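Asker: Below are the sequence and a predicted model for it; my questions follow.
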Amino acid sequence: MHEIDYAKELNPAQYEAATTLDGPILVIAGAGSGKTRTVVYRLAYMVESGIPSSQILLLTFTRKASQEMLRRAGALLGYGVGGVHGGTFHAMAYSILRQYRPKGYERNVTLMDSGDIAAALQECRDKLHIGKADRSFPRHQTIAGLFSKARNKECSIEDVIRREAYHLLFHADALQLLYDAYAAYKKEHALLDYDDLLFDLENALLQEPDMVKRLRETFRYIMVDEYQDTNRVQARLVRLLAGEKGNVMAVGDDAQSIYAFRGADIRNILDFPHHFPGARLIKLEENYRSLQPVLDLTNALLAAAPEAYRKTLHAVQKGGALPELIRPINNRTQSELVVQKISELACECPLREIAVLFRAAYHSYDVEIALKQAGIRFRKYGGLKFSDAAHVKDVMSFVRLAYNPLDFPSFRRVMELGKGVGPKTSQKIYDAMLSGDGAALEKACARHAGALSHIRFIQTLRETRSGPYAIFRDILAHYQPFLEQNYPDDFPYREQGLEELAQLAGEYAELDLFLSDLSLEEPDQTDDADQDALTLSTVHSAKGLEWDAVLIIDLVEDRFPSRHASLRAEEFEEERRLLYVACTRARKYLGLFAPDFIYSRETRSEERAAPSPFVRALPPSLYDELQECPGGRLRRRTERERTARRALRTTLNAPFGKNHVPDPDAAITPAHTRKPRAADDAESDRSSPGMSGDDACRDMPEAPANTGCLSGKGDTDPARCGFCRHRIFGRGKIVEYIPPDKCRVHFPNIGLKVILTAYLALEDS
DNA sequence: CTGTTTACGATTTTT
DNA sequence: TCGTAAACAG
């Protein structure tokens, strides 16, 4: 074990953050500024200073992050830091509630997964007769999303709908009723969702000062990572646990806030000094990760953002090549070019040092196929979950029932394993079972022998009170016939997965810990963890990670930024930060892919896709541009071409009206019948005639918003004006004015669009 | 009531 | 194209 020379191994700011243990500290850590390193050294410093590790609470965004930090701190010290409490807010909340058993937690409760939530909502809907035979009623996932959003943002259901799902406003009352029923359902069946964990802990702390006191004695030192992505209730929990003068360090970067959609509130960082008077502020602004050209590009990305996010990072390492903007003809050739680029890169560095990032999980399907064909190994993050597999759910339902017999979703799942039992029968048997009347239960199960055997089996499980591993083995044996019966095609494969799960269960001493860990953090798919493989990941899942080479695909309108983010400026800015996070993952090579055409499943045709506005706004001097020619070769765009194109774009993007250059293709030729023009696409490229209305607003970032036709007439409230005309959509009715510069317009046969007033011409009705 | 067929609608990100 | 929910048949 070597002596740690903190002053030498850290820069001055990092050193200060790592060695100031007393009182509140806020660390603003730019991307790649050695944030993790600082936390790791701080952990080591605390332990070396004689602080018992059990007094340290490390809250991170994922369990993986905290494990990694603890591992590294242990490696630094030469001995483990086992006693540190580390994990996510949700996991911490669950563990505290379980340990202290405050009011409402006297019984065993289980955590619901998305499937359980869907089932619960269905149940409530049936009971209330809400949305019956109404095809416009939102699906369960949507509803669950709305409910969760309302809680995390701490506003009413109606507010969320008004802001994010305008088209569902019609159902607002029904959804409110459904929400209340859902809350009652959870209580009745001893169930929790993720959000309950945080709010229930807060309530418990507010009602039981004694609990707060004891917790403050336990957790004398608190560190919170990724503070920019905490929501309001999480920040309050930190305040409750730490106290005003607590030894709490929050680490974050306002420029990397990408979870506002989930209720993360940037004010937590901004208000930290207010909540903790006398807090010390430390900024880490030296970037150790990326080479200068990559950093120049990411800095440019942020420079275009509103003031609050602005910051400039300085590279410690100099040199390196310019990032590349690669323009494939379509998303299929994009995949081929990605494979080609990865093959090139793989000569320089191992596959595990390369990542392909994308906005949404399904964007990578194409690339996955191409990679498989090329025989390149990859691991995907952010996609389907292991525990979503049907057979895993089946088995886990037994486990959950062994722990919490009231868990109705699990009960139903188990009952419906056999043929002949559906929702109604399940409910009947459940009621009979709860009544405690043995005869009633037998009667309810009269025609369903399987049901009774399941119930008996679960009772035996509960009575034998064996450990998780033994219980798991029993369940697997009991479940085997159903596995073979229900999954005849591939049950041996599924069996193997269950075997791994059994091993995992064996690592736990108590059943509920195993259950909560499985819900709160996915197990690593360890089967090929040690293999050298490429990473495919959503940008969200890539947070906090880094690679030598990063390729970002589908950098086009409606994908990145996501189509759903087009309406509100805040969401647009979050997409910008998301791209910032993506680009700052790269150490040496950054490749941006923006195909000209994207295959649309809806229309079953290729549609022209404008490059992402974020890419368009980048100064061309910051990257090399490579255009794919027919035949698959890449041709570098010369500086002269790029300048000329830029000038033309500015002209075309000017508000239409007297200066408008009509585009002969506009609205006449369907996008997919036009041939891509590869080399001389100057005029075909950017005018984006076939775009949707939302694109039209975003396509013109340079356009002065307040010189449009509407405001030009001096009208302060365009909504009163009635009708307007849009260059592409024609005549429409103004439904709503969205300050400061947009309108929601209804176009016949097209629907609602949000459009900059600058691109609307008023019409007299 | 349950299981099967048919028709329709809709697509993010995660604890 | 996929998943979900109404309609229908047993």
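Answerer: Yep, it's here.

Asker: Let me see the contact set for residue A:197.
Answerer: Counting by Cβ atoms under 8 Å, 6 or more residues apart in numbering, residue A:197 makes contact with A:89-90, A:93-94, A:97, A:111. Yep, even glycine has a C-beta here, placed from its N, CA and C like the rest.

Asker: Recalculate using a threshold of 6 Å.
Answerer: Contact analysis of residue A:197 by Cβ atoms under 6 Å, 6 or more residues apart in numbering lists A:90, A:93-94.

Asker: residue ranges with poor pLDDT in the stretch 201-350 of chain A?
Answerer: The model of the stretch 201-350 of chain A has pLDDT under 70 over residues A:307-310.

Asker: returning to what we had before: can you put the contacts of residue A:197 in a markdown table and add neighbour count, distance to DNA strand C and secondary structure?
Answerer: Putting the contacts of residue A:197 into a markdown table (neighbours: other Cβ atoms under 10 Å; distance: Cβ to the nearest atom of the strand, whole Å; DSSP: H, G, I helix; E, B strand; the rest coil) gives the following:
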| residue | neighbour count | distance to DNA strand C | secondary structure |
| --- | --- | --- | --- |
| A:90 | 21 | 24 | helix |
| A:93 | 25 | 28 | helix |
| A:94 | 28 | 27 | helix |
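
Asker: got JSON lines for those residues, with distance to DNA strand B too?
Answerer: Listed next are these as JSON lines, based on distance: Cβ to the nearest atom of the strand, whole Å:
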{"residue": "A:90", "distance to DNA strand B": "4"}
{"residue": "A:93", "distance to DNA strand B": "9"}
{"residue": "A:94", "distance to DNA strand B": "9"}
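
Asker: residue in the stretch 401-550 of chain A nearest to DNA strand B?
Answerer: residue A:422 (2.8 Å; Cβ to the nearest atom of the strand).

Asker: returning to what we had before: closest one of the contacts of residue A:197 to residue A:571?
Answerer: Using Cβ to Cβ, residue A:90 comes nearest to residue A:571 of these, at 24.5 Å.

Asker: can I assume that closest one is in contact with residue A:519?
Answerer: No - counting by Cβ atoms under 6 Å, residue A:519 is not a contact partner of residue A:90; they are 8.8 Å apart.

Asker: how near is the residue lying closest to residue A:448 once chain neighbours are set aside to residue A:399?
Answerer: Spatial nearest neighbour of residue A:448, excluding adjacent residues (Cβ to Cβ, 6 or more residues apart in numbering): residue A:421 at 5.4 Å. According to Cβ to Cβ, to the nearest Å, residue A:421 and residue A:399 sit 20 Å apart.

Asker: More neighbours: which of the two?
Answerer: Per other Cβ atoms under 10 Å, whichever of residue A:421 and residue A:399 has more neighbours is residue A:399, with 25 against 21.

Asker: Give me the three-state assignment for residue A:606.
Answerer: Secondary structure, DSSP: H, G, I helix; E, B strand; the rest coil: residue A:606 is strand.

Asker: Any idea how many residues pack against it?
Answerer: With other Cβ under 10 Å as criterion, residue A:606 counts 21.

Asker: Name the residues of the helix or strand containing residue A:469 that are buried.
Answerer: For residue A:469, the host element (DSSP states H and E) is helix A:468-486. Residues A:468-469, A:471-472, A:474-476, A:478-479, A:482-483, A:486 are the ones in helix A:468-486 that count as buried (16 or more other Cβ atoms under 10 Å).

Asker: In CSV, list the C-alpha atoms belonging to it.
Answerer: Extracted C-alpha coordinates of helix A:468-486, given in CSV (Å, rounded to 0.1, in the frame of the first residue of the first chain):
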residue,chain,number,x,y,z
PRO,A,468,-33.5,-17.0,-1.0
TYR,A,469,-31.5,-19.6,-2.8
ALA,A,470,-33.5,-22.5,-1.4
ILE,A,471,-36.7,-20.8,-2.1
PHE,A,472,-35.6,-20.1,-5.6
ARG,A,473,-34.7,-23.7,-6.2
ASP,A,474,-38.2,-24.8,-5.0
ILE,A,475,-39.8,-22.3,-7.3
LEU,A,476,-37.9,-23.4,-10.3
ALA,A,477,-38.8,-27.0,-9.7
HIS,A,478,-42.4,-26.1,-9.3
TYR,A,479,-42.4,-23.9,-12.4
GLN,A,480,-40.6,-26.3,-14.7
PRO,A,481,-43.7,-27.9,-16.3
PHE,A,482,-45.2,-24.4,-17.0
LEU,A,483,-41.9,-23.3,-18.5
GLU,A,484,-41.9,-26.2,-20.9
GLN,A,485,-45.5,-25.9,-21.7
ASN,A,486,-45.6,-22.2,-22.3
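
Asker: May I ask you to confirm that the residue nearest to residue A:448 belongs to a helix?
Answerer: No - using three-state DSSP, the secondary structure at residue A:421 is coil, not a helix.

Asker: Look up phi and psi at it.
Answerer: Backbone torsions of residue A:421, given as degrees, to the nearest 10, read phi -120, psi 120.
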